[in-house]
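Novice: From the sequence below, what's the structure:
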Amino acid sequence: MNIFTWLLLGHLIGDWMFQNDWMARGKQRHLFTKEILVHCFVYTAALALTLWLATYDHTTPPPYLTILTAIFLSHWLIDAGNLAGLWMRWLRQSELLFVRIMVDQTMHVLILVVLVEWWG
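Specialist: Have a look, this model is predicted:
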């Protein structure tokens with residue numbers, strides 16, 4: 001698997017498998033809640049593990065601190081800042097939950113694409 005595929009797997013694990021109802025409900029109440037901070041740490045840890053698995057045999061390690069900081073901060077801004085909702089209002093998109101989820105997920109995946117392209 002390539003690095004992007006590993007990071008996408010980490011995204012699915014961190015954002016879907018390890019996000020519980022407490023995190024999902026509390027992460028958009030305010031920019032600084034326990035729920036969003038815990039969710040972002042769990043999410044970043046999942047991506048750190050998959051990034052390590054993707055690069056453990058490389059002679060030159062990736063800039064882990066830079067990449068993981070960008071992952072943490074971007075995930076926090078997208079979720080806590082409700083960027084999907086802002087985008088949807090700006091483009092006058094449907095208010096359907098499915099559309100909101102897809103916009104949110106697309107934003108997260110775009111961040112991974114940018115990071116892989118930047119690093120690669």
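Novice: what's the helix or strand for residue 51?
Specialist: Residue 51 is part of helix 34-55, with elements assigned from DSSP states H and E.
Novice: Verify the stated contact: residue 4 with residue 112.
Specialist: Yes - because the distance of 6.5 Å satisfies Cβ atoms under 8 Å, residue 4 is recorded as touching residue 112. In this view, the C-beta of every residue, glycine as well, is placed from N, C-alpha and C.
Novice: the more surrounded of the two?
Specialist: Taking other Cβ atoms under 10 Å, residue 4 and residue 112 do not tie; residue 112 has more neighbours (21 against 16).
Novice: my guess is the more buried one contacts residue 5, does it?
Specialist: No - assessed by Cβ under 8 Å, residue 112 is found out of contact with residue 5, at 10.1 Å.
Novice: quick one: secondary structure of the spatially closest residue to residue 82 that is not a sequence neighbour?
Specialist: Counting by Cβ to Cβ, 6 or more residues apart in numbering, residue 28 is the residue found nearest to residue 82 once chain neighbours are left out, at 5.6 Å. Classification of residue 28 using DSSP: H, G, I helix; E, B strand; the rest coil returns coil.
Novice: and residue 28, how far is that from residue 100?
Specialist: According to Cβ to Cβ, to the nearest Å, residue 28 and residue 100 sit 11 Å apart.
Novice: sorry, back to before: average pLDDT for the helix holding residue 51?
Specialist: Mean pLDDT, computed over helix 34-55, is 96.
Novice: distance between that helix and the chain's centre?
Specialist: Relative to its chain's centre, helix 34-55 lies at 8 Å (Cα atoms, centre = their mean, to the nearest Å).
Novice: Could you list the buried residues of it?
Specialist: 35-36, 38-40, 42-48, 50-51, 54 (16 or more other Cβ atoms under 10 Å).
Novice: ok, now stretch 17-35?
Specialist: Along stretch 17-35, these residues count as buried under the neighbour rule (16+ other Cβ under 10 Å): 19, 23, 27, 28, 35.
Novice: Now do the same contact list for the spatially closest residue to the first one that is not a sequence neighbour.
Specialist: When you say that, I think you mean residue 19. Closest residue to residue 19 apart from its sequence neighbours, by Cβ to Cβ, 6+ apart: residue 39 at 5.8 Å. Residue 39 makes contact with 19, 23, 24, 27, 75, 79 under the criterion Cβ atoms under 8 Å, 6 or more residues apart in numbering.
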